[in-house]
Structures are given as structure tokens and as C-alpha cells.
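> Predicted model, plus sequence, below.
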Amino acid sequence: MTRLTLRHYVMLALCTFMIFLPGRASLPPLDRDEPRYMEASAQMLRSGNFIDVRFQDQPRYLQPAGIYWLEAASVAATGTLRQHAVWAYRIPSLLAVTAVVVLTAWIGATLFGPASGLLAAGLLAVSVLTTAEGRMATIDTTLLLAVLLAQTGLLRAYLDRERDRPTPLSAALLYWTALGVGLMLKGPVVLIPGFGTPLALALVERRIDWWHRLRPAWGWAVMLAIVLPWCVAIGVVSHGDFFSRAVGTNFLGKVAHGQQAHGLPPGYHLLAFAIAFWPGSIFAAMALPFVWARRHAPPVRFLLCWIVPHWLVFEAIATKLPHYVLPTYPAIAMLTAAAIMTMPDRWSWPAALWGRVVLAVYGVLWLVLGVALSVAGPVLLWRLEHRVEPAALIVPLGALPLVLVSAWLLVGRQPLRAAMAAVAAAVIIHVGLFVTVIPNLQAIWLSPRLAALVDDYRPCPDTIVASPSFSEPSLVFLVGQNTALVDPVAAADLLRDNRACGLALVDRRDEPAFRARLRRDGLNVIEFGRVAGLNYSTGKHLDIGLFGPTPP
């Protein structure tokens, strides 16, 4: 194969689409960020206010409105607002992750050849972090697409300098437009790879003569033209509160302090990489000598300048979550694939003894993770549901032998065959988990079961539901904007004041305070039903009853 044609890219897009399709409708809203995005997008549609993003009655001033516009447009196009259909909100992430994988193949093929491009796309598509983020209605895969588009524009200008040919205007427009879209999605975060890559190249090469190829004299105006109108509008609507919260509290606050219990020391992302990029993590580790030996080659240098600044920034800031370094994964996949394809059958182990020991330990960890992922489905079903699902056994039966074969091929220094076996194992694991396991874990899906119970006994179309014991955003999305996340005393007061249209969801541990307040007000209630399960966000087991006032 000398080059990738349109047919190859279309087939890759279809394969990626089909891999990421399972679980999109059967997977309930995942607490806690995803249902906040969903509910805020739904409220945007219901209110017709596309400037001031809100979750219930609270402003959601964390990032600009771009992701909410995308999800609201998807829901409006599918006509599913009233049905609370989770799959409609996840369409932007599905399309974005499909485009990301295809674009990774194109960039990889441009830099290292068609086979490397396809392998890089495969390693990225089946990585654990990409698999998770690509199925959720959150911001990260759409932001990743914006980053890849910006890097595509940068790469075109960089390679045109190397080949001494003019750079088309389209490359500059792509770069600045992608940065503008990234700003509308998540604010200044997109500038870390967008400006960090050319800055790192300038420091390494001590020249920046190719930068003018991107037309910076007017390009910045294109970028600002995308984000500035909304910034002016939200500044007026919020009286400047958005910028103090989004930039001062959310963005800069994460730099100095670990927010939402996510404060971790430097090195976290490096440790998490073993599982986050699995199954490609062992191959990325094995590719390090190849990358170091070719660090001065323009393609490798460009990718390193893409990875290193972004990675160092997010290792340095106090707040750490695995998806913060997701924008570096396409570049890592390309370098890994290039190393595998360069030495497909004659892989060299590190010359130093300590290097071989470290790689061997990392390989054992990789194998343990692969085995754990292969058997996780049936184990979870047995532990949480106390049952054996025959369909779930397909995952370990299909994936575990491939993981072991991949490990055997790695020991035999056949990295290309090992990578292909590992990718196949990952596809079976991910698709199997989302089709046969996760939808059947009823014990952890409290919100859908509680919402179904409420719908069975909802007295009014605009019923107010008080929930003092379970305050997850997924409940708000599925039950409705009128859900009141209050304490047990306030829940009793809500029933007293809304005897015709009030309900309350109360756990057994909160019932004494709830009933004591009811007795003081002389109010009798009926228990309509109960739902028991595990709140996986907090680790607490709950036994929640649905209560309503006794009819007069």
C-alpha cells in the first residue's frame, strides 16, 4: 500500500463508528459531569436562552457554551427533548471521536506512511481513555478534534517549510478556526497545545521562520471572531461573573489547588498512562529508544513538541484527571505505530540491564491489566448482581486468549503481530462490556430506576420531587428540572407545601428526620415503593423509598 485513499478513510470511519456505537443508548447518564452537560443543554432548549448556561437555577460558569450548543442542536435535530434520550446528547462525541481517529490516520500516514497511520488510528481508537470519553456527552472528544485540526494546520506549515513549498491559505484558516472553536468549547485550554507546539519547536530549532506561513498578522482576528461575540454577550448577561468564575475559579484555581478531591502530585498522568492508553501503553514504552534515536527527524520532533509541553503543564498543575492529557494521545499513537512499523520483526530490547528490567516490570503490569479487563465483566455481574450472564462470558473467552497471545508475541520480539492481537482483544473487551455487562449492572444504576418509580406515581405533569438522600445530577436529568436536592427536613416541608404535586425520595437513614418533621406538621405520607442499590460516586449503599402525602 503506497497511500491511503478515500475508500480507506471511509472504511476506517465506518469501523470506528461501529466500535463506538454500542452503549450509546443503553448506558444511563454517568455521574457526575455528563448529566450536568445533558441537563444544561436541555434547559437551554426549553428556555430558549443560548447565552447563559444553567443547571437548574444555578449558572454553570465553567466553560463557554460551545459544547452545550452542539448537544442542544443534536437533541433538537432528533426531537428527543421530552424523552430524556441520552443517546441524542452523545451524538457530538460519537462524530468527534470518529473524526479524531480518521484524522490521526491521515496525519500518521503523512508523517510515517499509510501502514503507520492505520496502526496509530487503531491504537488510539481502542485505548481505554478514548473508549470512555468517546461514549460520553462531555467536552473532551470534541476538544480533542479541535486540537487535532489545529495541529493539522501547524503540521502543514511545518512540512511545507521542510519541503520548501508555499503553504496554502486553507492551512492558516484551519489552524486559527480550530483554535477559535476550541476556545468556544473549553476556553484557554486549547491554547496549550495550539501555542505550546510552535513555541517548543522555536526553542528546539531556534528558528520560527515558518510561523508567518500561518498568517498570524490576521489569523488571531479569525480566532477571536469565533469566540468574542459570545464573550461579550455573557459578560453583559452575567455582569462579568462568568469570567471571574470560569477563568479565576475554574481555570486558574485548578493550577494552584486540587479541585473536587482531584489534587495529586506530579507523575500521576505517567502512572495512569498504563491503563489509560492500554493496550498501546506497553508498545509506547517499547518505542522510547526509537523515538530518542530519531528525535532530530522533523516528523518525530514535531510530535515531541506536541506532546511534551502539554504533558508537563498538566503534570505541574495541582488538579489532575486522566483526560487532561488526552490531546497528546494521537501524537503518542503515531510515534508508537512508527516504531512498530520500522522494526516489525526485529525489535531491539534496551541495551542497559536496568532498561530491560523496567520494561519487563511494565510488561507484567500491562498483562495484569489486560487479564483484569478481560474478566471484569463477569466478575462485576457476579459481585453486584449475583448472577452469571452467558453473553458476558464471550468477553473473557474471546479477549483473554488474544491478550496472552499478544504477550507471547512481545516476548518473541514480534511487536506488529502483538499489537494487532492486542487491538483485537481491546475491541472485544470494550464492545462486550458496553453490550453485555454495563447495561445489566442494575445495582449501580439508581437514577434510571428511581426515575421509573417516580414516573409510575407522578401525580402532576410538573411534579416537584425532593431528594435528600441521592443528589446525583443524573437524577435531575431523568426526573426533571424541578427535582429539589435538599435535606430531609426541607423535603418534608416541600411535601407540606405541595400536597397535590409533591413527592420525596428518602433513604432509610434519613427517614427518622424526615418523619419527625412530618409529624410536627401533622402530615401523613404513603410509601409507593423502594429502590436499593449502590451509589458508585460515593460508594454508599442506599435503600430509597418514594413518599407522597396521603390524599385527604
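Ah, there it is.
> where do the strands sit along this protein?
Assigned strands in the chain, in chain order: 54-55, 58-59, 464-466, 502-507, 525-535, 540-549 (criterion: DSSP state E).
> Of the ones you listed, which is nearest His269?
The stretch from those with the least distance to His269 (CB to CB) is strand 525-535; that distance is 27.6 Å. No exception for glycine: its C-beta is placed from N, CA and C like everyone else's.
> Spell out which strands sit alongside that closest one in the sheet and which way each one runs.
strand 540-549 (antiparallel) (DSSP bridges).
> Now do the strand it pairs with: distance to the chain's middle.
The gap between where strand 540-549 is centred and where its chain is centred comes out at 31 Å by CA atoms, centre = their mean, to the nearest Å.
> what angle sits between that strand and strand 502-507?
Regarding strand 540-549 and strand 502-507, their directions subtend 150 degrees when assessed with axes from the mean of the first three to the mean of the last three CA atoms, to 10 degrees.
> Now strand 540-549: buried residues?
The neighbour-count criterion (16 or more other CB atoms under 10 Å) identifies 542, 544-549 as the buried residues of strand 540-549.
> can you list the strands of the chain in a markdown table and add mean pLDDT and distance to Val247?
Supplementary listing: these in a markdown table, determined by pLDDT from 0 to 100; distance: least, CB to CB, whole Å:
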| stretch | mean pLDDT | distance to Val247 |
| --- | --- | --- |
| strand 54-55 | 94 | 19 |
| strand 58-59 | 90 | 14 |
| strand 464-466 | 95 | 35 |
| strand 502-507 | 96 | 37 |
| strand 525-535 | 94 | 33 |
| strand 540-549 | 95 | 35 |
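> To Glu133, which of those lies closest?
strand 54-55 (20.7 Å).
> Need the residues that contact that closest one.
Here strand 54-55 makes contact (CB atoms under 8 Å, 6 or more residues apart in numbering) with 36, 39-40, 43-44, 47, 60, 473, 476.
> Drop anything exposed from the residues you listed.
Restricting these to buried positions leaves 36, 39-40, 43-44, 60, 473, 476, with burial counted as 16+ other CB under 10 Å.
> Among those, which ones are in helices?
Secondary-structure check on these using DSSP state H: residues within helices are 36, 39-40, 43-44, 473, 476.
> Could you single out the nearest of those to Val97?
Proximity to Val97 was ranked across those by CB to CB; first place goes to Arg36, at 20.3 Å.
> My guess is the closest one contacts Gln56. True?
No: taking CB atoms under 8 Å as the definition, Arg36 is not a contact partner of Gln56, at 9.9 Å.
> residues near Ser26, how many?
A count of neighbours around Ser26, defined by other CB atoms under 10 Å, yields 13.
> And the protein, what are its domain boundaries?
As assigned by automatic domain parsing, the chain contains the domains 6-342, 353-442, 445-549.
> Quick check: which ranges of this protein have low pLDDT?
Counting by pLDDT under 70, the chain has low-confidence residues at 1, 31, 248-263, 344-347, 552.
> Can you show me the helices along the stretch 101-250 of the chain?
In chain order, the stretch 101-250 of the chain shows helices spanning 114-126, 128-133, 140-163, 169-186, 191-205, 216-238, 241-243, with DSSP state H, counting those that start in this stretch as the criterion.
> quick revisit: pick the most deeply packed of the strands of the chain.
Among the strands of the chain, strand 502-507 has the highest mean neighbour count (mean count of other CB atoms under 10 Å), at a mean of 26.
> who does that one pair up with?
strand 464-466 (parallel), strand 540-549 (antiparallel).
> These: which one's closest to Arg499?
Ranking the strands paired with strand 502-507 by proximity to Arg499 (CB to CB) places strand 540-549 first, at 4.5 Å.
> Please enumerate residues in contact with the closest one?
Residues from elsewhere that reach strand 540-549, judged by CB under 8 Å, 6+ apart: 446, 450, 453-454, 457, 459, 469-470, 495-496, 499, 502-508, 511, 514, 523-535.
> what about 6 Å?
Contacts of strand 540-549 with the rest of the structure, by CB atoms under 6 Å, 6 or more residues apart in numbering, involve 453, 469, 495, 499, 503-508, 525-532, 534-535.
> what does stretch 452-466 give?
Counting by CB under 6 Å, 6+ apart, the neighbours of stretch 452-466 from elsewhere in the structure are 479, 482-484, 486, 491, 494, 498, 501-504, 528-529, 531, 546.
> Tell me the buried residues in that stretch?
So, applying 16+ other CB under 10 Å, buried residues of stretch 452-466: 453-454, 458, 463-466.
> Now for the residue nearest the centre of the chain: which residues touch it?
When the chain is reduced to its mean C-alpha position, the nearest residue by CA atoms, centre = their mean turns out to be Glu133, at 2.5 Å. The contact partners of Glu133, taken as CB under 6 Å, 6+ apart, are 140-141, 323.
> leaving aside the residues next to it on the chain, what's closest to Val437?
Distance criterion CB to CB, 6 or more residues apart in numbering; nearest residue to Val437, sequence neighbours excluded, is Gly377 at 3.7 Å.
> can you pull the contacts of that neighbour?
The contact partners of Gly377, taken as CB under 6 Å, 6+ apart, are 392, 395, 433, 437.
> Please repeat the previous calculation with a cut-off of 8 Å.
392, 395-396, 432-433, 436-437.
> so of those, which ones are in helices?
Under the assignment DSSP H, the contacts of Gly377 contribute 395-396, 432 to helices.
> Switch those over to JSON lines; also include distance to Leu183 and neighbour count.
Output for these, formatted as JSON lines (distance: CB to CB, whole Å; neighbours: other CB atoms under 10 Å):
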{"residue": "Val395", "distance to Leu183": "41", "neighbour count": "25"}
{"residue": "Pro396", "distance to Leu183": "44", "neighbour count": "21"}
{"residue": "Gly432", "distance to Leu183": "38", "neighbour count": "24"}
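> Just name the closest of those to Leu6, please.
Here the nearest of those to Leu6, counting by CB to CB, is Gly432; it sits at 31.5 Å.
> quick one, what contacts that closest one?
For Gly432, the contacting residues are 377, 392, 394-395, 398-399, taking CB under 8 Å, 6+ apart as the criterion.
> From these, pick the one nearest Ala217.
Comparing the contacts of Gly432 against Ala217 with CB to CB picks out Ala399 as the nearest, at 53.3 Å.
> ok, the closest one to Trp211 distance?
Ala399 sits at a distance of 47 Å from Trp211 (criterion: CB to CB, to the nearest Å).
> How many residues are close by Leu381?
Here the neighbour count serves as a burial measure; for Leu381 (other CB under 10 Å) it reads 21.
> residues touching the nearest residue to Ala76 once chain neighbours are set aside, list them.
The shortest distance from Ala76 to any residue that is not its chain neighbour, by CB to CB, 6+ apart, is 6.1 Å, and that residue is Leu45. Listed by CB under 8 Å, 6+ apart, the contact set of Leu45 reads 72, 75-76, 81.
> Leu45 and Val222, how far apart?
Counting by CB to CB, the separation of Leu45 from Val222 is 29 Å.
> cool, Gly377 as well?
Counting by CB to CB, the separation of Gly377 from Val222 is 47 Å.
> With Thr16 instead?
Following CB to CB, the distance that separates Thr16 from Val222 is 30 Å.
> okay, the two: which has more neighbours?
Between Thr16 and Val222, counting by other CB under 10 Å, Thr16 is the more crowded of the two (24 against 16).
> right, and Thr167 touches His212 too?
No: here Thr167 lies out of contact with His212, judged by CB under 8 Å, at a distance of 9.3 Å.
> These two: who's more crowded?
Relative neighbour count places Thr167 above the other of Thr167 and His212, with 19 against 12, counting by other CB under 10 Å.
> still on that earlier bit, who's more crowded, Ala399 and Trp211?
When neighbours are counted by other CB under 10 Å, Ala399 comes out ahead of the other of Ala399 and Trp211, with 27 against 17.
> my guess is the more buried one meets Ile429, correct?
Yes: counting by CB under 8 Å, Ala399 sits close enough to Ile429 to count as a contact (4.8 Å).
> which neighbours do these two share?
373-374.
> Give me the distance between the residue nearest to Glu133 when sequence neighbours are not counted and Pro188.
Excluding the flanking residues, the one nearest Glu133 by CB to CB, 6+ apart is Asp140, at 4.6 Å. Relative to Pro188, Asp140 is positioned 16 Å away (criterion: CB to CB).
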